[in-house]
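[1] this one's structure only:
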């Protein structure tokens with residue numbers, strides 16, 4: 001979704017859901033749109049997320065470099081990107097009660113200085129909730145040094161790598177995320193992925209391992225993605241401040257973005273309340289001219305990503 005479309009959708013959803021009006025979200029989308037250089041971009045778009053039964057504005061600004069861009073040029077482009085994100089964080093910090101730690105961004109950029117990995121930006125804001133700033137590192141190409149990066153990142157964030165090493169040192173890593181919170185705290189997220197053919201039984205087993213109760217949508221979700229053209233299926237691990245896995249989310253990346261109407265296999269078997277939400281989500285996606293790119297499941301909530 002282009003900057004202008006994203007800006008309109010942000011304004012529309014914010015007004016409808018009465019989301020923290022003291023923040024100029026449209027200003028943020030414009031800042032992000034100007035943080036990239038199109039001549040060196042292979043892919044650049046805004047992606048939005050709708051989570052079942054929640055009225056929260058969530059968007060992600062994605063930018064990937066072309067394959068032939070030199071490392072030296074990437075460093076310059078990434079510095080420009082970080083500068084833009086820091087500018088957004090400082091703008092938010094002008095509001096009473098908000099104190100995001102933007103120094104983490106500089107440390108993060110330093111750790112990946114010798115890679116070609118791009119930095120992505122995400123934002124989440126809900127009514128009567130403090131916004132969450134989300135920064136992601138996309139692990140592009142070979143991720144053989146992903147574990148090495150994670151070790152250094154844990155040191156930066158004050159986490160213990162040894163407690164996580166056995167799980168992530170041999171995993172295929174898709175991305176690393178850091179949530180910056182209004183009180184200066186942060187949360188680490190690690191995205192792993194599986195290559196096709198996908199073993200959904202194994203994914204089910206891992207997901208249930210980190211849940212104390214039954215997720216009523218698990219069968220619906222796995223049955224739905226099983227019949228869809230998928231590029232990757234993966235797991236998002238949320239890491240606690242004590243360096244333990246707090247929770248797990250399943251994510252499924254579609255082969256290519258599709259119209260919402262092609263999600264009918266899920267809608268047909270969905271419970272009435274969820275089906276009503278899916279219909280309302282469809283209306284929002286259509287209003288923004290978007291197509292569905294991901295489906296997620298976490299804590300009895302379905303997530304629909306569209307761009």
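    The structure has been received and is ready for your questions. Quick caveat: nothing in here was measured; it's all calculated off a predicted structure.

[2] And the helices in the stretch 51-200 of the chain?
    Secondary structure of the stretch 51-200 of the chain, counting by DSSP state H, counting those that start in this stretch: helices at 71-93, 103-111, 146-157, 162-168, 200-209.

[3] looking at these, which is closest to residue 263?
    For the helices of the stretch 51-200 of the chain, distance to residue 263 was read as CB to CB. The smallest value, 17.6 Å, belongs to helix 200-209. Just so you know, the C-beta spots here come from the backbone N, C-alpha and C atoms, and that holds for glycine as well.

[4] Mind listing residues that contact the helix or strand following the closest one?
    Per DSSP states H and E, helix 200-209 leads on to helix 218-226 as the next helix or strand towards the C-terminus. Outside helix 218-226, the residues that touch it by CB atoms under 8 Å, 6 or more residues apart in numbering are 200, 203-204, 207-208, 233, 250, 252, 263, 265-266, 269-270, 274, 295, 297, 302.

[5] Next, format the helices of the stretch 51-200 of the chain as JSON lines and append distance to residue 28.
    JSON lines is the format used below for the helices of the stretch 51-200 of the chain (distance: least, CB to CB, whole Å):
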{"stretch": "helix 71-93", "distance to residue 28": "6"}
{"stretch": "helix 103-111", "distance to residue 28": "15"}
{"stretch": "helix 146-157", "distance to residue 28": "24"}
{"stretch": "helix 162-168", "distance to residue 28": "31"}
{"stretch": "helix 200-209", "distance to residue 28": "33"}
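
[6] I'd like those helices laid out as JSON lines, including mean neighbour count.
    Listed next are the helices of the stretch 51-200 of the chain as JSON lines, based on neighbours: other CB atoms under 10 Å:
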{"stretch": "helix 71-93", "mean neighbour count": "16"}
{"stretch": "helix 103-111", "mean neighbour count": "17"}
{"stretch": "helix 146-157", "mean neighbour count": "18"}
{"stretch": "helix 162-168", "mean neighbour count": "14"}
{"stretch": "helix 200-209", "mean neighbour count": "14"}
